[in-house]
Each structure stands twice: as C-alpha cells, then as structure tokens.
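Enquirer: Need the 3D shape of this:
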Amino acid sequence: MDEMKACVITRTEPGAHATAEAVRDLGLTPLIMPAARVEITPATLDLDGVQALLMTSAAAARAIQVTETLKALPLYAVGDATAEAAIAAGFETVISAGGDGATLAVLAADRMSPRQGALLHLRGREVAGDVTGMLRACGFEARHVEVYATHDHPDFKANIAGLLAKDSGFILIHSPAGARRLASAVSELGVGLAAWRIVGLSAACIKPLEALGFKSTRVAETPDEDALMDALRDEVAKQSLE
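Expert: The predicted model follows:
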C-alpha cells in the first residue's frame, strides 16, 4: 500500500468510524484496527450528596442509562468529543474542559466548591490520570465508579502484525492504553516499524512507543480530535517534502 495512503486507526468503536471519515478527508485510506473492545460493567451510581459528575471518555456516556436524576446534575467532560457523547446520551448541562484529565480537574475545582457536595467520576477501568486524586488534594470529596472496561481486541494482535510488516504510513493513537497494546503486540511479534509514523493525542499516548523505532512520532498540540487531525495533516505534508 502506498505510504501516503495508509492510516491505521487503533481507536475503539464507534469513535473509530468518525476518525476514519476525517482521515479520508485528508486523502488517506483509513484502516480501522481497534486495539481494544469496550464492555459495559454493571454499576450502581450513588448520587447522594453529589453536586456534579465528571467524565473522561465518550465510552462512559454510552455505557450508562441517563435517568432524570442524572440529567439534573451538571456534567464536566474532559473534552469536546466526550461532551458531545454526553449530550447525545441525554445529559442537559454539559461543560467541556477542552483538554486532559488535569485540565478537567482544574476546571472543576475552579467552578465548584467542596462545601456544595461531592464529585462523582464516571470512568472506565483503565484511566490515564487520577482525576479524583487531584480533586481530593483540592479539598473535594471525589469518588469514582467504573461503568465500562476495555479488553484486548481478539483480532488486533494477529492483524496488526501482518499489516505493519508489509505496508507503511501513519498510525493514530487515541489513548495510552491503546499505545501499550500496540507496543505489546510489536514487541512480542518482532515487527519492523521504520516505515511507520505515529501521531498521538497526547504525550502520554506516545510514551509507550518511544523506543520502538518508528520513522517519526508527533503529538497533537491539544488532546482533542481536531488537533490530532491537524497533526496528521502536518505529518502528511512533511512526508510529501521528503
């Protein structure tokens, strides 16, 4: 496959398809290969004394049933994609931090007071940062509940090996967990990576891959989908000049 055309998307579904459309708009051929699959986990939401909800992934919005009681609470989302998923799920008062977990914690601490009640983080089993810990350090009663879990996708390791061995191009990384799964697959299978360029949503997404010998790595200026596409566009342009 032409190096200019292949772009591997390791994001979980259904977000992977939205990313694929944006990749196609850049003139690349998207190859959807989710590193993980999402499983909804049974969870009881104790909302007693809770003044607001926190959410750090769109998967969390899709994993819960939004009741009238939940709708009545403001929801602080880590970024625009998570905010959009929360609105689509039925939440009515949604505030986007437009950043990462630390940005979310800072926004929540700035907008709210510990005296007004607890903060409840709806999250997955794997998280990139300790949002509740940061808020507790600011004097809040902060707790979390796992509403979904991610597991290795059964097809990822087998399919990614063959692709990386024979093709070249770009790989998009949306989460540190996805990066770790890719690094594990690459290390175990001994695949050469010199022809591939990595574009990550954040520095944390790139870190597990730094020592694996990719052609280049690039981090989006801000941890959101638009910035990721801008970074990918720049990498495509840079490649065309080489």
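Enquirer: now the strands for this protein?
Expert: Taking DSSP state E as the criterion, the chain carries its strands at 6-9, 29-32, 36-40, 50-55, 75-77, 94-96, 118-124, 142-152, 169-173, 196-200, 216-219.
Enquirer: Quick check: neighbours of the longest one in the sheet, parallel or antiparallel?
Expert: In its sheet, strand 142-152 lies beside strand 36-40 (antiparallel), strand 118-124 (parallel), with partners assigned from DSSP bridges.
Enquirer: quick one: average pLDDT of that strand?
Expert: For strand 142-152, mean pLDDT is 94.
Enquirer: buried residues in it?
Expert: By 16 or more other CB atoms under 10 Å, the buried positions in strand 142-152 come out as A142, H144, E146, V147, Y148, A149, T150. All C-beta atoms are positioned from the backbone trio N, CA, C, and that covers glycine.
Enquirer: thinking again about what came up before, columns distance to L241 on top of the strands of the chain, output as CSV?
Expert: Below are the strands of the chain laid out as CSV (distance: least, CB to CB, whole Å):
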stretch, distance to L241
strand 6-9, 18
strand 29-32, 21
strand 36-40, 35
strand 50-55, 40
strand 75-77, 38
strand 94-96, 35
strand 118-124, 39
strand 142-152, 37
strand 169-173, 15
strand 196-200, 13
strand 216-219, 13
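Enquirer: To T132, which of the ones you listed lies closest?
Expert: Among the strands of the chain, strand 142-152 comes nearest to T132, with 4.1 Å by CB to CB.
Enquirer: Could I get the CA-only coordinates of the closest one as CSV?
Expert: What follows is strand 142-152, C-alpha atoms only, in CSV (Å, rounded to 0.1, in the frame of the first residue of the first chain):
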residue,chain,number,x,y,z
ALA,A,142,-14.3,13.0,45.0
ARG,A,143,-15.1,9.4,44.1
HIS,A,144,-15.4,7.3,41.0
VAL,A,145,-17.4,4.4,39.6
GLU,A,146,-16.4,2.1,36.8
VAL,A,147,-19.1,1.9,34.2
TYR,A,148,-17.2,0.1,31.5
ALA,A,149,-14.0,-1.8,30.9
THR,A,150,-11.7,-2.2,27.9
HIS,A,151,-10.2,-5.5,26.9
ASP,A,152,-7.7,-6.6,24.2
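Enquirer: which residues touch that strand?
Expert: Outside strand 142-152, the residues that touch it by CB atoms under 8 Å, 6 or more residues apart in numbering are 12, 35-41, 43-46, 54, 59-60, 63-64, 118-126, 131-133, 135-136, 177, 181.
Enquirer: sorry, back to before: for the strands paired with strand 142-152, give me JSON lines that also has mean pLDDT and mean neighbour count.
Expert: Listed next are the strands paired with strand 142-152 as JSON lines, based on pLDDT from 0 to 100; neighbours: other CB atoms under 10 Å:
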{"stretch": "strand 36-40", "mean pLDDT": "93", "mean neighbour count": "17"}
{"stretch": "strand 118-124", "mean pLDDT": "96", "mean neighbour count": "23"}
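Enquirer: okay if I get those strands as CSV plus distance to A22?
Expert: Formatted as CSV, the strands paired with strand 142-152 follow (distance: least, CB to CB, whole Å):
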stretch, distance to A22
strand 36-40, 20
strand 118-124, 23
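Enquirer: could you say what helices and strands the top helix by length along the chain packs with?
Expert: For the chain, the helix that runs over the most residues, judged by DSSP state H, is helix 225-241. Contacts defined by 3 or more CB pairs under 8 Å, 6 or more residues apart in numbering; DSSP states H and E place helix 225-241 against helix 15-25, helix 80-89, strand 169-173, strand 196-200, strand 216-219.
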